[in-house]
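Trainee: Sharing a model that was predicted from the sequence below.
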Amino acid sequence: MVQRKRSSCGLHLVNPDRDCNSCDLPKKCIGEGLDKEQIDTISSIIQQQGPIKPGEAIFRMEDRFRSIYAIQSGTVKIESALDDGTPLIHGFYFSGELVGVEAVGDSHYQSDAIALETTWVCEIPFERIETLCIEIPKLQQEILHLLGKRIRYTNRTIVQGRYLSADRRFLLFLNDLYQRKGEIKADGSRRVTLPMTKGDIAIHLGLRPESLSRALSKLQEEGVLRNRAREIEILGDNEGLLSCVWM
């Protein structure tokens, strides 16, 4: 595992006084809904790591499972490989989301967590979380909610998605990505920046790169989106984006 700067000062990027209470993430990771005293307790056990450069690992497959990680800034992909070397990408995660939760209940991580851009994370020792869940029941509820959300995403995008055509499979992925990371520009356009490559998206969706390329061309011709190198602009009615997946 790549060695990185670590600190026990709590959550921060540049400001050394940053902690869970002053974190400006849209959601406060596992601290959402807790009172100040409870958040202070969580903040006291967190260790900040970064900067993690693109291509570096937060953890590697078969590393001993000790912690989960909240992404403070940046993007992380979770990947592994089949026995024959075929790559698998299980998901992409952004600011305010957790990685490492898929190892809960196991002794080792079963995948690699790789930074796709310069990333900072907050390491949360899991054995401390277990103790805190006893003391703070609401924390346990939030973690279970996050685990359930992860399962629903996998079921919707991977399990159900495998029965869809390549273009509909991508739309399902794009809708989820827009909900998590999309933005409305000053000109009113709705865009999603892609920190991952199109090749990574194809692997994640179980598609060949050429199949994804054809699907993007088809959707662009239909006026659903405008495909750029590292950005997708959503055209027309965004509310109808998901409904058209099942047409």
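Mentor: Alright, I've got the coordinates. Residues are numbered from 1 along each chain as shown.
Trainee: drop to CA atoms for contacts and neighbour counts, all remaining ones
Mentor: OK.
Trainee: Within its local environment, how many residues does the residue nearest to Gln48 when sequence neighbours are not counted see?
Mentor: Excluding the flanking residues, the one nearest Gln48 by C-alpha to C-alpha, 6 or more residues apart in numbering is Cys122, at 4.5 Å. For Cys122, the tally of surrounding residues (other C-alpha atoms under 10 Å) stands at 27.
Trainee: any idea how far Phe173 is from Cys122?
Mentor: Computed as C-alpha to C-alpha, to the nearest Å, the Cys122 to Phe173 distance reads 27 Å.
Trainee: can you check Ile124 too?
Mentor: Ile124 is 29 Å from Phe173, by C-alpha to C-alpha.
Trainee: so where's this structure uncertain?
Mentor: The model of the chain has pLDDT under 70 over residues 1-33, 237-247.
Trainee: Point to the residue nearest the middle of the chain.
Mentor: Closest to where the C-alpha atoms of the chain average out (C-alpha atoms, centre = their mean) is Tyr93, at 1.1 Å.
Trainee: Now for the nearest residue to that one once chain neighbours are set aside: which residues touch it?
Mentor: If the residues on either side of it in the chain are set aside, Tyr93 comes closest to Val76, at 5.2 Å by C-alpha to C-alpha, 6+ apart. Counting by C-alpha atoms under 8 Å, 6 or more residues apart in numbering, Val76 makes contact with 92-94, 113-117, 119.
Trainee: quick one: the strands in this structure?
Mentor: Using DSSP state E, the strands of the chain run over 6-7, 47-52, 57-59, 67-73, 76-81, 87-93, 98-99, 112-115, 119-125, 183-184, 190-193, 225-227, 231-234.
Trainee: If you count neighbours, what's buried in stretch 96-108?
Mentor: 96-103 (16 or more other C-alpha atoms under 10 Å).
Trainee: any chance of those in JSON lines, with distance to Lys198 too?
Mentor: Shown next, in JSON lines, are these (distance: C-alpha to C-alpha, whole Å):
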{"residue": "Gly96", "distance to Lys198": "23"}
{"residue": "Glu97", "distance to Lys198": "22"}
{"residue": "Leu98", "distance to Lys198": "23"}
{"residue": "Val99", "distance to Lys198": "22"}
{"residue": "Gly100", "distance to Lys198": "24"}
{"residue": "Val101", "distance to Lys198": "25"}
{"residue": "Glu102", "distance to Lys198": "24"}
{"residue": "Ala103", "distance to Lys198": "27"}
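Trainee: quick one: which of the residues you listed is nearest Gly188?
Mentor: Proximity of the buried residues of stretch 96-108 to Gly188 (C-alpha to C-alpha) peaks at Gly96, which lies at 25.1 Å.
Trainee: measure the closest one to Gly223 for me?
Mentor: For Gly96, the distance to Gly223 - C-alpha to C-alpha - is 32 Å.
Trainee: Save the strands of the chain as a markdown table, and put in distance to Leu132 too.
Mentor: Listed next are the strands of the chain as a markdown table, based on distance: least, C-alpha to C-alpha, whole Å:
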| stretch | distance to Leu132 |
| --- | --- |
| strand 6-7 | 21 |
| strand 47-52 | 16 |
| strand 57-59 | 23 |
| strand 67-73 | 14 |
| strand 76-81 | 26 |
| strand 87-93 | 24 |
| strand 98-99 | 17 |
| strand 112-115 | 25 |
| strand 119-125 | 11 |
| strand 183-184 | 35 |
| strand 190-193 | 36 |
| strand 225-227 | 45 |
| strand 231-234 | 40 |
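Trainee: For Val159, find the nearest of the ones you listed.
Mentor: strand 87-93 (11.9 Å).
Trainee: now for that closest one, which elements pack on it?
Mentor: Contacts defined by 3 or more C-alpha pairs under 8 Å, 6 or more residues apart in numbering; DSSP states H and E place strand 87-93 against strand 76-81, helix 198-205.
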